[in-house]
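> Build me a structure from this.
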Amino acid sequence: MISVMVDMHRKCLQSWLGHTWDALTFVPSKERPDATHPVAALANATLPKFNFATAPMPKFLMRPGPGSDIKRKMTADRFEIDERWRQRVQGKHVLIVDDTWTTGASAQGAAIAVKTAGAATATILCIARWLRWDWDDHRTLIDSLGDGFDVLRCPVHGRPCAAVKQYSVSASQT
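Below you'll find the predicted structure:
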């Protein structure tokens, strides 16, 4: 699903961003900070349609930093980028994949880490959003949702865009 969604809307996303992504990472957990983390596989699922004729997209790992023990609160030192990965980050447009967005603290901490390591930009692709009715800002968002999720709806334009016209859902698929 991730691969299809990113592929379907890649042109609109990258046009809106003003660049293509040229480095990839994921938000690790303190318990599983390496490539065995399930989100690493989700991050890799965003790559299938890239043209790797010249070289594969650089990937790198973040590690939990001193602020990783502080849960659900933004800290600038939640993650760190080891020196061995710096050349894969510096000047790059980094795509960061996260599995859940509850408060945004981890994803934002990851963005700070890549920017501190010299990334030109950081884009966060969140696979799921955890919403709570009892949080006022979440309630506002929930109340604004009327249509439900539609994979064909462009996240940039809010409607099916030219890039998705090649995709369709048949009656047998519903």
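> Can you show me the helices along the chain?
For the chain, the helices defined by DSSP state H cover 2-17, 38-44, 86-89, 105-116, 136-144.
> For this protein, which residue occupies the most central location?
In the chain, the residue lying closest to the centroid (CA atoms, centre = their mean) is residue 125, at 1.8 Å.
> Wait, residue 82 touches residue 64, no?
No. Using CB atoms under 8 Å, residue 82 is not in contact with residue 64; the gap is 11.7 Å. For every residue, glycine as well, the C-beta is placed using N, CA and C.
> In terms of neighbours, single out the busier of the two.
residue 64 (18 against 11; other CB atoms under 10 Å).
> so what pLDDT did that one get?
pLDDT, residue 64: 91.
> That one against residue 27, yeah?
No. If you go by CB under 8 Å, residue 64 and residue 27 don't touch, sitting 10.1 Å apart.
> Mind listing what's buried along the least confident helix or strand in the chain by mean pLDDT?
Every helix and strand of the chain was ranked by mean pLDDT, DSSP states H and E. The lowest is helix 38-44, at a mean of 73. Buried residues in helix 38-44, defined by neighbour count with 16 or more other CB atoms under 10 Å: 39, 40, 42, 43, 44.
> Also stretch 103-117?
105, 106, 107, 108, 109, 110, 111, 112, 113, 114, 117.
> pLDDT averaged over that stretch, what's the number?
Stretch 103-117 comes out with an average pLDDT of 91.
> CA atoms only: put that stretch into PDB for me.
These are the backbone C-alpha positions of stretch 103-117, laid out as PDB (Å, rounded to 0.1, in the frame of the first residue of the first chain):
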ATOM      1  CA  THR A 103       2.200  13.600  19.200                       C
ATOM      2  CA  GLY A 104       4.700  14.000  16.400                       C
ATOM      3  CA  ALA A 105       7.600  14.200  18.800                       C
ATOM      4  CA  SER A 106       9.500  11.300  17.300                       C
ATOM      5  CA  ALA A 107       9.100  12.300  13.700                       C
ATOM      6  CA  GLN A 108      10.000  15.900  14.500                       C
ATOM      7  CA  GLY A 109      13.000  14.800  16.500                       C
ATOM      8  CA  ALA A 110      14.100  12.700  13.500                       C
ATOM      9  CA  ALA A 111      13.700  15.800  11.200                       C
ATOM     10  CA  ILE A 112      15.800  17.800  13.600                       C
ATOM     11  CA  ALA A 113      18.500  15.100  13.600                       C
ATOM     12  CA  VAL A 114      18.800  15.000   9.800                       C
ATOM     13  CA  LYS A 115      18.800  18.800   9.500                       C
ATOM     14  CA  THR A 116      21.400  19.000  12.200                       C
ATOM     15  CA  ALA A 117      23.500  16.500  10.300                       C
END
